[in-house]
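Asker: requesting a structural model of the entry that follows:
(2 chains)
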2 protein chains.
Amino acid sequence: MTSFTIFGTGNMSQAISGVLGAGGASVQYIGSQDQNATVDGDIVILAVPYHALREISSQYGAQLEGKVVVDITNPLNFETFDSLLVPADGSAAAELAAALPNSKVLKAFNTTFAGTLAAKTVGDNKTTVLIAGDDVDAKERLAAAVRAGGLEAVDAGALSRARELEALGFLQLTLAASEKIQWTGGFALVR
Amino acid sequence: MTSFTIFGTGNMSQAISGVLGAGGASVQYIGSQDQNATVDGDIVILAVPYHALREISSQYGAQLEGKVVVDITNPLNFETFDSLLVPADGSAAAELAAALPNSKVLKAFNTTFAGTLAAKTVGDNKTTVLIAGDDVDAKERLAAAVRAGGLEAVDAGALSRARELEALGFLQLTLAASEKIQWTGGFALVR
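Answerer: Numbering: from 1, shown residues only, chains lettered A, B, ... in the order given. Purely as a prediction, here's the structure:
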């Protein structure tokens, strides 16, 4: 069974660990108060705000070498809800991959609100975690853990597709913030 | 009842006209063989490939002044299925709005496959047409016609959100082309 480390202890951290735990995976947590912790997991999920990625990369980069590292961020300008903080042709995941060249960086969980991870459904649809990345084996390991936890997982392509996943996450957040959808709703993927 | 003109006679044209007709709207068609036709509709839907937008803008620009013009394109590089043909911080809709400064340009129908417009459902969910644009009245008129036809319509924000709608359409097309989803599936919006 795959072992996970989750950075962050907020609602997304809790929702993701609920999924992974339901599938039988072990989960270690590292909070912002844990300085220089030892990263035990084979797959490391950075359930932190976008602005925290740089410090984690800097502080834990050596420990993250060889590991699968999952970026879940939506790098919005949350003051305006009208733009992203990353280059329009790039993504937070691409920035993370550049900062962690010896890690296998994936993008996942940024298109599923915490509520739909916890409920395992979006409306009447099983919640689907979209996973992008350049390492097929890494994607399949994360997907297997997600499916074991009772959700769907779909390979969304190369890490370059993180641009589109972050656009989707951005759009979904604007729809919720403008009350067009509820935080228990959002985009469901129908196969 | 709003009158529509649809440029193009392909499967998206047919699916959209099926929705509008079910709602009682009148629909005029203009095909590529119709040179210098008279545009009768108050709302004009350009159900054509991205590369055809420029010629239509050039040929029909004067007739389209003051009208609502709807861009449905997904400006993919269909040879690679790996990038868009528009600037990363822009959209086909933004280009169209620049070419038609006296029209009210909307982005819509690019995130719904023809099959889900015709079926009116995506899986068990009612099909939702996402509409972006800077003219609130124009969006509401299109949304009313879509709802009259039995689908949902949601205001996705300003025309600048066409960047995100086109990213969503791009992602959805790559998922279908790689057989992760069927052409009868895709992203459903759960309120």
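Asker: how about the longest helix seen in chain A, does it get close to chain B?
Answerer: Longest helix of chain A, by residue count under DSSP state H: helix A:162-177. Yes - for helix A:162-177, a contact with chain B is found by Cβ under 8 Å from any Cβ of the partner chain, at A:163-165, A:167-168, A:170-171, A:174-175. Where you see a C-beta, it was placed from the backbone N, CA and C, and this is true even at glycine.
Asker: show me where chain A has strands.
Answerer: A:3-7, A:26-30, A:43-46, A:68-71, A:104-107, A:121-122, A:125-126, A:128-133, A:152-157, A:186-190 (DSSP state E).
Asker: tell me how many other residues crowd A:R54.
Answerer: Other residues near A:R54 come to 12 when the count uses other Cβ atoms under 10 Å in any protein chain shown.
Asker: surely it and A:A99 touch.
Answerer: Yes - applying Cβ atoms under 8 Å as the test, A:R54 and A:A99 come out as touching, 7.1 Å apart.
Asker: what's around the spatially closest residue to A:S58 that is not a sequence neighbour, how many residues?
Answerer: Nearest residue to A:S58, sequence neighbours excluded (Cβ to Cβ, 6 or more residues apart in numbering or on different chains): A:A99, at 7.8 Å. A:A99 has 17 neighbouring residues, counting by other Cβ under 10 Å.
Asker: now for A:A99: which residues touch it?
Answerer: Neighbour list for A:A99: A:53-54, A:57-58, A:61 [criterion: Cβ atoms under 8 Å, 6 or more residues apart in numbering or on different chains].
Asker: what's the closest of these to B:A119?
Answerer: Comparing the contacts of A:A99 against B:A119 with Cβ to Cβ places A:L53 closest, at 41.2 Å.
Asker: that closest one: what's it in contact with?
Answerer: Here A:L53 is in contact with A:46, A:71, A:73, A:92, A:95-96, A:99 (Cβ under 8 Å, 6+ apart).
Asker: can you add pLDDT and give those back as TSV?
Answerer: Listed next are the contacts of A:L53 as TSV, based on pLDDT from 0 to 100:
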residue	pLDDT
A:L46	98
A:D71	99
A:T73	98
A:A92	98
A:E95	98
A:L96	98
A:A99	98
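Asker: re the thing from before, possible to save the strands of chain A as a markdown table with mean neighbour count and distance to B:V86?
Answerer: Converted to a markdown table, those look like this (neighbours: other Cβ atoms under 10 Å in any protein chain shown; distance: least, Cβ to Cβ, whole Å):
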| stretch | mean neighbour count | distance to B:V86 |
| --- | --- | --- |
| strand A:3-7 | 22 | 35 |
| strand A:26-30 | 18 | 40 |
| strand A:43-46 | 24 | 31 |
| strand A:68-71 | 28 | 25 |
| strand A:104-107 | 27 | 22 |
| strand A:121-122 | 20 | 29 |
| strand A:125-126 | 18 | 31 |
| strand A:128-133 | 26 | 21 |
| strand A:152-157 | 21 | 19 |
| strand A:186-190 | 25 | 22 |
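Asker: distance to B:V39 added to those, as JSON lines?
Answerer: Listed next are the strands of chain A as JSON lines, based on distance: least, Cβ to Cβ, whole Å:
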{"stretch": "strand A:3-7", "distance to B:V39": "56"}
{"stretch": "strand A:26-30", "distance to B:V39": "60"}
{"stretch": "strand A:43-46", "distance to B:V39": "52"}
{"stretch": "strand A:68-71", "distance to B:V39": "47"}
{"stretch": "strand A:104-107", "distance to B:V39": "43"}
{"stretch": "strand A:121-122", "distance to B:V39": "40"}
{"stretch": "strand A:125-126", "distance to B:V39": "40"}
{"stretch": "strand A:128-133", "distance to B:V39": "40"}
{"stretch": "strand A:152-157", "distance to B:V39": "39"}
{"stretch": "strand A:186-190", "distance to B:V39": "34"}
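Asker: out of those strands, which is closest to chain B?
Answerer: Closest to chain B of the strands of chain A, according to Cβ to the nearest Cβ: strand A:186-190, at 3.6 Å.
Asker: any part of that closest one near chain B?
Answerer: Yes - contact of strand A:186-190 with chain B (Cβ under 8 Å from any Cβ) involves A:186-190.
Asker: want to try TSV for those, with pLDDT as columns?
Answerer: Formatted as TSV, these follow (pLDDT from 0 to 100):
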residue	pLDDT
A:G186	98
A:F187	98
A:A188	98
A:L189	98
A:V190	98
